[in-house]
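# Return atomic coordinates for the entry below.
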Amino acid sequence: MNAFATAMSRIFADANMAVDALWFAGGTGPGVAVRVIRKSPDEVTPFGAGRILSETTLLEARVADMPTPAPGDLVQIGTETFIVQGEPKLDRERLIWTLNMRTA
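Next comes the predicted model:
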């Protein structure tokens, strides 16, 4: 394991950075326990001469915990359930997925 992988493992283990979640591949099944980092940045989208400001939800998950996320998968954090929309993206080191989510 390289230094970056070690650092990411510590970040995902930190209760201030990541939370427990359940991942349901294909949206069904018993669910797999994972740790995710939740981000909710505002996104600005140009539209003609104006701009639209919208809320987004992004989750980051380790490839080791979630090897094959896909559109339509569900992720449950506490009482909230989210659906993966769009193709998941890997970081440069191929250790962390970034998932674009929407409320289920």
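# what's the helix or strand hosting Trp97 packed up against?
Assigned by DSSP states H and E, Trp97 belongs to strand 96-103. When contacts are defined as 3 or more CB pairs under 8 Å, 6 or more residues apart in numbering; DSSP states H and E, strand 96-103 packs onto strand 57-62, strand 80-84, strand 89-90. To be clear about C-beta, it is placed using only N, CA and C from the backbone, and glycine gets the same treatment.
# in the sheet, who's paired with Ile96?
Under DSSP bridges, the beta-bridge partners of Ile96 are Arg62.
# shift numbering so it begins at 881
Okay, using 881 as the starting number, the last item reads as Ile976.
# What is the neighbour count of it?
Residues lying near Ile976 (other CB atoms under 10 Å) number 21.
# list the contacts for it?
Listed by CB atoms under 8 Å, 6 or more residues apart in numbering, the contact partners of Ile976 are 888, 940-943, 970.
# Please tell me which one of those residues counts the most neighbours.
Ala941 (23 neighbours).
# contacting residues around it?
901, 903, 914-917, 949, 976-977, 979 are the contacts of Ala941 under CB under 8 Å, 6+ apart.
# Next step: those residues restricted to strands.
901, 903, 914-917, 976-977, 979 (DSSP state E).
# Now which of those residues would you call buried?
901, 903, 914-917, 976-977, 979 (16 or more other CB atoms under 10 Å).
# Columns distance to Gly928 on top of the residues you listed, output as JSON lines?
Output for these, formatted as JSON lines (distance: CB to CB, whole Å):
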{"residue": "Ala901", "distance to Gly928": "38"}
{"residue": "Trp903", "distance to Gly928": "38"}
{"residue": "Val914", "distance to Gly928": "40"}
{"residue": "Arg915", "distance to Gly928": "41"}
{"residue": "Val916", "distance to Gly928": "35"}
{"residue": "Ile917", "distance to Gly928": "34"}
{"residue": "Ile976", "distance to Gly928": "35"}
{"residue": "Trp977", "distance to Gly928": "33"}
{"residue": "Leu979", "distance to Gly928": "29"}
